[in-house]
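Chemist: Below is the structure, and that's it, no one-letter string:
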């Protein structure tokens, strides 16, 4: 499927900014509060009994879907409110968007132990695990959706704004008839990606155990983990089949219909060649019950909203930061200053806690970071080795694309964490088995980002350039050197940035596992975080989590984003 032309564009920041410092101070303060609460966390948490009976699978699948749906609903509401306000208020956007840019670089799974332990102090263990799972999925989805809303709102064509002014649209009509329709296509596409990414984190949360604390949740993730630990291949196969069936059903019954529906909002003078199609959408469009619902319920409901919220003759402006209620400015500044002072105090307190760590602990953190970085690099190189040639074949040969692209889309939607128990069952008995399983999990969690970006890049190469290389009779090596690699470079860099983030997240669940009644660990920062959680060493937990966050953000700022800027400036085709 082809991505829309106005996909989300992230802010390109190639140096450390004040926003980075603000986010670091805030995260340090929040993590410090979490670790202080974790000191009072229960030493033993009894997990739920997970049944491997096939009749339990529908219930577990429903629970997993409910958690995903709750997190997506929260993400959608947050993204619409945050992205819209940041786009409409320029002064606020100058702060809100850089903050969001830093947050989307943070490895989310590194916070899972702290969040779970701190919430288990305030709530029952079961409720804490449920809330942590929803929060984890929310943070994996919200940033992507928010950038989509922000970008779409900022890039509404001037003629649409002028038409809204001519018709004297108020804020509600402008949102309903101009801004939301323009954002719909990009928002649906980003929802598909965010939902697929959310499965990864849901599976990790549902099967999370550390030490004597069992935070598993009844769901597909815990079912697969329990089946693998019991060596029950039949139950394991049923769990994977159920996961695949859910992915395919959602694709056919939800996302493809939404993608087909969203095409009506595209601003094009001619119809595209490969528009998303959906048999289910076509059936719904002809359904009598749907028509009755729209006429009898939905239309009257929207009319009531129109009468209640429409303010006639409202001016159409984007707040430039100088307008608005000036009397409220001092209150906002006071709140910001107070929050900043509070977070700074917490960050200083965290610094005092970190100062108690012995030098050996910092050495272990540094070695762990290096080991995990090597695994991430290995996974990225393995992914590039097969995704670049396969992606070029799919992107340049329609016959291959017709067969392989739908298969790849379904395979990519199956979360790598759902397959991790199978990797453990197959590899853990081998020498260095956990190390190999960790690299493979990182590979499974990152390779699809590269593949689909390579497919997009290969399909975007103009046909006349490909024909020219054929007429010149260039050798395969010359063709790759002069055409394919330069054309693919921006897409490979874009895919690699996202892929590396997925690999860092995978390290938290891959480097320290409890399987078959035993604890298995390999050298890495994820193992340091999990070991600190299991032993109650919360100063080490805080230090390792912060070290991982800082490392990933610095790599993103100082390596990946300059590389992205080079790709955009030197290898862009116009």
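Modeler: Cool, got the structure. Quick caveat: nothing in here was measured; it's all calculated off a predicted structure.
Chemist: residue closest to the middle of this structure?
Modeler: When C-alpha atoms, centre = their mean is applied to the chain, the residue found nearest the centroid is residue 140 (3.8 Å).
Chemist: how close does the residue nearest to that residue when sequence neighbours are not counted get to residue 98?
Modeler: Take residue 140 and drop its neighbours on the chain: the residue closest to it by C-beta to C-beta, 6 or more residues apart in numbering is residue 201, 4.8 Å away. Every residue, glycine included, has its C-beta placed from N, CA and C. As judged by C-beta to C-beta, to the nearest Å, residue 201 and residue 98 stand 24 Å apart.
Chemist: Could you do residue 149 as well?
Modeler: Distance from residue 149 to residue 98, counting by C-beta to C-beta: 16 Å.
Chemist: which one of these two has more residues nearby?
Modeler: Counted by other C-beta atoms under 10 Å, residue 149 and residue 98 do not tie: residue 149 has more neighbours, with 27 against 18.
Chemist: how about that one, what does it touch?
Modeler: Applying C-beta atoms under 8 Å, 6 or more residues apart in numbering to residue 149 gives the contacts 79, 80, 82, 83, 84, 87, 183, 187.
Chemist: Let's verify it: helix, strand, or coil?
Modeler: Three-state assignment for residue 149 (DSSP: H, G, I helix; E, B strand; the rest coil): helix.
Chemist: per-residue confidence for the closest residue to it other than its chain neighbours?
Modeler: Using C-beta to C-beta, 6+ apart and skipping residues adjacent in sequence, the residue nearest residue 149 is residue 83, 3.0 Å away. pLDDT for residue 83: 87.
Chemist: Can you point out the buried residues in stretch 220-229?
Modeler: 220, 221, 222, 223, 224, 225, 226, 227, 228, 229 (16 or more other C-beta atoms under 10 Å).
Chemist: ok, how many other residues are close to residue 230?
Modeler: Around residue 230 there are 14 residues (other C-beta under 10 Å).
Chemist: Distance of the nearest residue to it once chain neighbours are set aside relative to residue 133?
Modeler: Excluding the flanking residues, the one nearest residue 230 by C-beta to C-beta, 6+ apart is residue 52, at 6.7 Å. As defined by C-beta to C-beta, residue 52 lies at a distance of 21 Å from residue 133.
Chemist: The residue nearest to residue 149 - how many residues pack around it?
Modeler: 27.
Chemist: shouldn't it be in contact with residue 144?
Modeler: No: using C-beta atoms under 8 Å as the test, residue 83 is too far from residue 144 to be in contact (10.7 Å).
Chemist: top helix in the chain by residue count?
Modeler: helix 359-396 (DSSP state H).
Chemist: got the phi/psi numbers for residue 207?
Modeler: phi -110, psi 20 (degrees, to the nearest 10).
Chemist: wait, what's in contact with the closest residue to it other than its chain neighbours?
Modeler: For residue 207, ignoring the flanking residues on the chain, the nearest one in space by C-beta to C-beta, 6+ apart is residue 225 at 3.9 Å. By C-beta under 8 Å, 6+ apart, the contact set of residue 225 is 50, 206, 207, 216, 421.
Chemist: by contact count, what packs against the helix or strand harbouring residue 498?
Modeler: In this assignment (DSSP states H and E), residue 498 forms part of helix 485-510. Counting contacts by 3 or more C-beta pairs under 8 Å, 6 or more residues apart in numbering; DSSP states H and E, helix 485-510 packs against helix 180-206, helix 359-396, helix 416-427, helix 433-459, helix 525-535, helix 538-555, helix 561-570.
Chemist: Export those as a markdown table, with columns for distance to residue 253, mean neighbour count and mean pLDDT.
Modeler: As requested, these are exported to a markdown table (distance: least, C-beta to C-beta, whole Å; neighbours: other C-beta atoms under 10 Å; pLDDT from 0 to 100):
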| stretch | distance to residue 253 | mean neighbour count | mean pLDDT |
| --- | --- | --- | --- |
| helix 180-206 | 13 | 23 | 83 |
| helix 359-396 | 26 | 18 | 93 |
| helix 416-427 | 20 | 22 | 86 |
| helix 433-459 | 22 | 24 | 87 |
| helix 525-535 | 36 | 25 | 87 |
| helix 538-555 | 36 | 22 | 88 |
| helix 561-570 | 36 | 15 | 78 |
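Chemist: and of these, who's closest to residue 342?
Modeler: helix 538-555 (17.8 Å; C-beta to C-beta).
Chemist: Give the next helix or strand downstream of the strand or helix carrying the residue nearest to the centre of the chain.
Modeler: Element membership for residue 140 (DSSP H and E) is helix 125-154. Following helix 125-154 in sequence order, the next helix or strand is helix 158-166 (DSSP H and E).
Chemist: sorry, back to before: so who does the residue nearest to residue 230 touch?
Modeler: 223, 226, 227, 230, 232, 235.
Chemist: could you redo the last one with a cut-off of 6 Å?
Modeler: With contact taken as C-beta atoms under 6 Å, 6 or more residues apart in numbering, residue 52 is in contact with 227, 232, 235.
Chemist: residue ranges for the strands of the stretch 1-150 of the chain, please.
Modeler: Using DSSP state E, counting those that start in this stretch, the stretch 1-150 of the chain contains no strands.
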